[in-house]
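Visitor: no sequence on hand, only this structure:
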């Protein structure tokens, strides 16, 4: 884990969303909430690009939208979980109960309904800094 006040190491975060606006909002909220922490943020605009960047960067955390072209967020999550220990934060406008349940079964780090805002990001980053999984419970915001 690279958070938690270790100034000499840098946390790597990959934001995967087909909306450039959503990428920027997520990055800005993350930088604001993680002020003072060393953090490197990278972006991917679809699931295929996200998978390639995941393999190259091996990020600590990934923010993944579920509804994307080329490779869906759900497919991307399956691939990432096969290959690594990256913690996944789902950020989606899809609020169907079965989708949330499917993500809980996949043991994602958090499931966040869009729109992402300061309060949700503050709660999420607090958990990220503490590396708090609250057992096996998925943080739902």
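Guide: Happy to help now that I have it. No experiment lies behind these values; they were computed from the predicted model shown.
Visitor: for residue 69, which non-adjacent residue is spatially closest?
Guide: Nearest non-adjacent residue to residue 69, counting by CB to CB, 6 or more residues apart in numbering: residue 46, 5.1 Å away. Glycine gets a C-beta too; all of them are placed from N, C-alpha and C.
Visitor: list the residues that contact that neighbour.
Guide: Residue 46 makes contact with 16, 18, 68, 69, 70, 71, according to CB atoms under 8 Å, 6 or more residues apart in numbering.
Visitor: what do you get for residue 48?
Guide: 70, 71.
Visitor: could you redo the last one with a cut-off of 10 Å?
Guide: By CB atoms under 10 Å, 6 or more residues apart in numbering, residue 48 lies in contact with 16, 68, 69, 70, 71, 75, 76.
Visitor: what separates the helix or strand where residue 15 lies from the chain centre, distance-wise?
Guide: Taking DSSP states H and E as the definition, one finds residue 15 inside strand 11-16. Between the centre of strand 11-16 and the centre of its chain there are 7 Å (CA atoms, centre = their mean, to the nearest Å).
Visitor: can you map out the strands along this structure?
Guide: 11-16, 39-44, 61-64, 87-92, 110-113, 139-140 (DSSP state E).
Visitor: export those to TSV and tack on distance to residue 122, mean pLDDT and mean neighbour count?
Guide: Compiled in TSV, the strands of the chain are given as follows (distance: least, CB to CB, whole Å; pLDDT from 0 to 100; neighbours: other CB atoms under 10 Å):
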stretch	distance to residue 122	mean pLDDT	mean neighbour count
strand 11-16	16	95	24
strand 39-44	15	96	18
strand 61-64	15	97	26
strand 87-92	14	94	24
strand 110-113	12	92	20
strand 139-140	12	70	16
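Visitor: could you export those to a markdown table, including columns for distance to residue 120?
Guide: Formatted as a markdown table, the strands of the chain follow (distance: least, CB to CB, whole Å):
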| stretch | distance to residue 120 |
| --- | --- |
| strand 11-16 | 15 |
| strand 39-44 | 17 |
| strand 61-64 | 12 |
| strand 87-92 | 9 |
| strand 110-113 | 6 |
| strand 139-140 | 10 |
